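Participant: fold the stuff below for me.
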Amino acid sequence: MFKRRELIAGIAAGAIGSRAVASAQTANPELPAVATTEPSLVLRDVKGSIQERIDAYLKRTGLDAPESSVSVLQGIGNVIVPSDHPQWVQHRTLAFEEAIIKAQQSYIGKQQVKISADAISILYKAADREPPPYNEGDLGDPGKVAEIARKALAVTGGTMDKALEQLGVDPRGLEKAPPAQKHIQFSRALAISGFEKSFGSLTGMIPKFSVEAHDGQGNYQIGVVALVSNPLRNLAQSVLRLRGNFTPDVARAQDFRTVVSDKAALVDLFGVRWMRDLEGLPVLVSFAQWGVERTGTKNVAMLAEYEDVALRQAEIRAGQQIAEFLSASGELESNAEFKKKLEETAERMADGYIAQKDPISSLEAPLRETMKRRARLNNLTGLETLAKWKRSHPDVPQHVIYGAVRFWSAAGEAGIRAQLDGRAAKATPGAGPTRSQAGTRESKDVGDF
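Facilitator: From the prediction side, this is the model:
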């Protein structure tokens, strides 16, 4: 298990000396930032640039060779609209959700897995390369056709079409040549179908690090490093079991509230972090974001209402993230098929002519994958809102991000339960369309694992 102070020292040593880092360290020396932008960097491959940043982060923190008690997971999500889209902020937030779900999928896939696979191979060769005679029976009832023909021959002049219509026949259909009949001469086919289903716990997973990168043309992606460790899982279980009665760890005491003092860093923070209060008691801090669609309205009252809704949506999502940390489980279901076919055919025309067709080959590989994540909490006590904020995105200033920070604390839960029980609570301090050069941003490193 990595010690927190050793981890922070490693991050500080490897952090890029930038103004963002300096300001974050001034705001909270215990939680140094690694946020940075590189406007001079031209990203030809956004995903590749994100992976480079992730690899560098893992190396400087020692997470590239984790202990068996730490699972390091990764995911990258796409912002599916360009930065000049009116709902870009919302899609940016959902790109983070996509990235964390991909990380969770890889973790679920390592747990209880059920796999089934079926394969079939088919070989066919016709007895003779000469196609059989044209089958007129495929055109319908031969007797019906003959009867129509006899009656049609009895009609002359311009009355023929009318007579055919009275017989229930579209005269235009008689102008079309009968279709050719296809005959398979050789066929080789292979089909493999597979089903994979896995399920397991997502309790104690946190998004420890995130990277946002773009190509300079308004196309963005977000990468996430998520962690699951034994201490995190134990903490989640203890929150639900101990009802706030934790033993303080004074050596790790900190003022978790200062995490919101660096407003610029909040733009890059998503998900739940494990921190401590001034008494050394555990705190879960959750960061969430949302946006307001730029509609062009100048009605101040309506804009204020939209902002209130966006802040509330971020607040709700922040609470959901704490619930997911404490009790989430996942189920991943994958259905994949692999099909190939080689076929040689000929076509027999109604007049007996044979048209030889070139061999054709086909390949199909459909994939359907479903990831379900569930979290259910009935009586979480001590959940509070630490801050609500709004700020323009540093690279896309026309877009305003609305965020909320919520937290659960052991001291807060103990205080609420004491009030409900009618007893005195222990005194616990701490309770309570712009285009640019390509670049990347990294999240501030916050919390333990």
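Participant: strands along the stretch 151-300 of the chain, start to end?
Facilitator: Under the criterion DSSP state E, counting those that start in this stretch, the stretch 151-300 of the chain contains strands at 181-201, 205-214, 220-229, 271-276, 282-291.
Participant: what's the closest of those strands to Lys263?
Facilitator: strand 282-291 (12.2 Å; CB to CB). C-beta here means a position set from N, CA and C on the backbone, and glycine is covered the same way.
Participant: Ile206 reaches Phe270, doesn't it?
Facilitator: No: using CB atoms under 8 Å, Ile206 is not in contact with Phe270; the gap is 10.2 Å.
Participant: specify the local secondary structure of Thr370.
Facilitator: Taking DSSP: H, G, I helix; E, B strand; the rest coil as the rule, one finds Thr370 in the strand state.
Participant: any idea which helix or strand carries the residue most central in space within the chain?
Facilitator: In the chain, the C-alpha nearest the mean C-alpha coordinate belongs to Glu98, at 1.9 Å (CA atoms, centre = their mean). In the assignment (DSSP states H and E), Glu98 maps to helix 88-108.
Participant: could you identify the helix or strand that succeeds that helix?
Facilitator: Per DSSP H and E, the helix or strand that comes after helix 88-108 is strand 112-125.
Participant: direction included, what does that following strand pair up with?
Facilitator: strand 181-201 (antiparallel) (DSSP bridges).
Participant: now the partner strand against strand 220-229, angle please.
Facilitator: 50 degrees (axes from the mean of the first three to the mean of the last three CA atoms, to 10 degrees).
Participant: can you list the weak-confidence ranges in the stretch 251-400 of the chain?
Facilitator: Applying pLDDT under 70 to the stretch 251-400 of the chain flags residues 295.
Participant: now the helices: where do they sit in it?
Facilitator: Per DSSP state H, counting those that start in this stretch, the stretch 251-400 of the chain carries helices over the ranges 263-266, 300-327.
Participant: buried residues of the longest one, list them for me.
Facilitator: Within helix 300-327, the residues that count as buried by 16 or more other CB atoms under 10 Å are 306, 310-311, 313-315, 317-327.
Participant: next: the shortest one.
Facilitator: Using 16+ other CB under 10 Å as the test for burial, helix 263-266 gives 264-266.
Participant: which one is Asp118 nearest to, not counting chain neighbours?
Facilitator: Ser193 (5.1 Å; CB to CB, 6 or more residues apart in numbering).
Participant: give the burial count for the one you found, as a bare number.
Facilitator: Using other CB atoms under 10 Å, Ser193 has 15 neighbouring residues.
Participant: could you tell me the per-residue confidence at it?
Facilitator: pLDDT recorded at Ser193 is 94.
Participant: which strand residues bridge it?
Facilitator: Asp118, Glu337.
Participant: measure it to Arg312 for me?
Facilitator: Per CB to CB, to the nearest Å, Ser193 is found 46 Å from Arg312.
Participant: same check, this time on Asp358
Facilitator: For Asp358 relative to Arg312 (CB to CB), the value is 63 Å.
Participant: what do you get for Tyr124?
Facilitator: 64 Å.
Participant: just put the helices of the stretch 251-400 of the chain in a markdown table and tack on distance to Gly218.
Facilitator: What follows is these, written out as a markdown table (distance: least, CB to CB, whole Å):
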| stretch | distance to Gly218 |
| --- | --- |
| helix 263-266 | 21 |
| helix 300-327 | 22 |
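Participant: out of those, which is closest to Val239?
Facilitator: helix 300-327 (5.8 Å).
Participant: centre of the chain versus that closest one, how much separation?
Facilitator: Relative to its chain's centre, helix 300-327 lies at 20 Å (CA atoms, centre = their mean, to the nearest Å).
Participant: okay, angle between that helix and strand 181-201 too, please.
Facilitator: 80 degrees.
Participant: ok, the closest residue to Pro359 other than its chain neighbours - contacts?
Facilitator: Counting by CB to CB, 6+ apart, Pro359 lies nearest to Glu344, which is 4.5 Å off, once chain neighbours are set aside. Applying CB atoms under 8 Å, 6 or more residues apart in numbering to Glu344 gives the contacts 184-187, 357, 359-360.
Participant: enumerate every residue touching Ala323.
Facilitator: Contact partners of Ala323, counting by CB under 8 Å, 6+ apart, are 375-377, 380.
Participant: whichever of those residues end up buried, select them in ChimeraX.
Facilitator: Buried members of these, defined by 16+ other CB under 10 Å, are picked up in ChimeraX with:
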select :375
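Participant: between the contacts of Ala323, which is closest to Ala103?
Facilitator: Ala375 (16.0 Å).
Participant: isn't that closest one right up against Ser327?
Facilitator: Yes: applying CB under 8 Å, one finds Ala375 in contact with Ser327, separated by 5.0 Å.
Participant: neighbours of Lys298, just the number please.
Facilitator: Neighbour tally, Lys298, other CB under 10 Å: 7.
Participant: could you check how far the closest residue to Leu94 other than its chain neighbours is from Phe199?
Facilitator: Leaving out its chain neighbours, the residue that sits closest to Leu94 by CB to CB, 6+ apart is Gly77, at 7.5 Å. Here the criterion is CB to CB. By it, Gly77 lies 23 Å from Phe199.
Participant: also Asn245?
Facilitator: Taken as CB to CB, the span from Asn245 to Phe199 is 32 Å.
Participant: neighbour-wise, which of these two wins?
Facilitator: More neighbours surround Phe199 than the other of Asn245 and Phe199, with 15 against 12 (other CB under 10 Å).
Participant: pLDDT score for that one?
Facilitator: For Phe199, the model assigns a pLDDT of 93.
Participant: with Tyr57 instead?
Facilitator: For Tyr57, the predicted pLDDT is 93.
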